[in-house]
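>>> got a sequence here, can you build the structure:
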Amino acid sequence: MEDIEKFVHGFSRFQQQYFSESQTLYDNLRAGQRPGTLLIGCCDSRVDPILLMGGDPGDLFVVRNIANLVPECTPTASAGVSSAIEFAVCNLEVARVIVLGHARCGGIRALMAPREPVAETDFVGQWMRIAEPVAQRVRRDLAHRSSEQQHKACELASILLSLDNLLTYPWIKRRVEQGQLKLHGWYFDIESGALMAYSARQQQFLPLVCPLRPANERAAAAAA
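Take a look at the predicted model:
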């Protein structure tokens, strides 16, 4: 019940902010949404896109799933994810798509260290097969690295896989080629608080927002 009360109080604060102090925002949104950005993120409760980006209602069209994956455009692709992407790009005509991955992703960890399914349906395992080629490559190329390093490499590579898979959708590929749509790959480092972005020119993830303090300094401060 404490969680429920917290959520109700939270909605009350939301109501006060957007239906009293900032009434104009929802006055405009009643006519319809016009977000400029589609963000594809993970379901992880620690990685809320609106909270992380400091957005307001109407800023982002958000699609969330386990491990922020995008399936290839095939007749058997997940209709839930693909239809949401189609709506954002073709109906809302967003100007950019951000694939937001993150550190300590449970879906990627499950992919890298598979266990017996916890449910007879194993929907999680079926979904994570999208990124199996990435996991195989990481296991092969980084076999000499620690499991933590392999997990991070797979987290980063899965973002690139999703970006590549986005281009299998003809209406995305066409808009990208015409300069009407930009694709971005971002990575939120939960440990350091940093935000990284993929640079196609340098073919690596580079800091977009640096951490306030190095992780080792924060750990030392917490232990003091």
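
>>> roughly how far does Ala103 sit from Asp48?
Ala103 sits 15 Å away from Asp48, going by CB to CB, to the nearest Å. The way it works is simple: take the backbone N, C-alpha and C, and place the C-beta from them, glycine included.

>>> which of the two has more neighbours?
With neighbours defined as other CB atoms under 10 Å, Ala103 and Asp48 compare such that Ala103 has more, 20 against 13.

>>> low-confidence ranges, the chain, go.
Residues of the chain meeting the criterion pLDDT under 70: 1, 214-224.

>>> list the contacts for the spatially closest residue to Cys210 that is not a sequence neighbour?
Excluding its sequence neighbours, the residue lying closest to Cys210 (CB to CB, 6 or more residues apart in numbering) is Ala194, at 5.8 Å. By CB atoms under 8 Å, 6 or more residues apart in numbering, the contact list for Ala194 reads Phe188, Pro207, Val209, Cys210, Pro211.

>>> for Val209, see how far away Ala194 is.
On the measure of CB to CB, Ala194 and Val209 end up 6 Å apart.

>>> which SSE is the residue nearest to the spatial centre of the chain in?
By CA atoms, centre = their mean, the chain has its centre lying nearest to Gly41, at 2.0 Å. Here Gly41 sits within strand 37-42, counting by DSSP states H and E.

>>> all helices for the chain, in order.
Secondary structure of the chain (DSSP state H): helices located at 2-16, 23-29, 49-53, 79-86, 106-112, 123-128, 132-141, 147-166, 170-177, 215-223.

>>> and the angle from the fourth one to helix 147-166?
Using axes from the mean of the first three to the mean of the last three CA atoms, to 10 degrees, the direction of helix 79-86 lies 60 degrees away from that of helix 147-166.

>>> one more: the first one?
Between the axis of helix 2-16 and that of helix 147-166 there is an angle of 50 degrees, by the same axes, to 10 degrees.

>>> that older thread, how much space separates the residue nearest to Cys210 from Gly54?
Counting by CB to CB, the gap from Ala194 to Gly54 is 16 Å.
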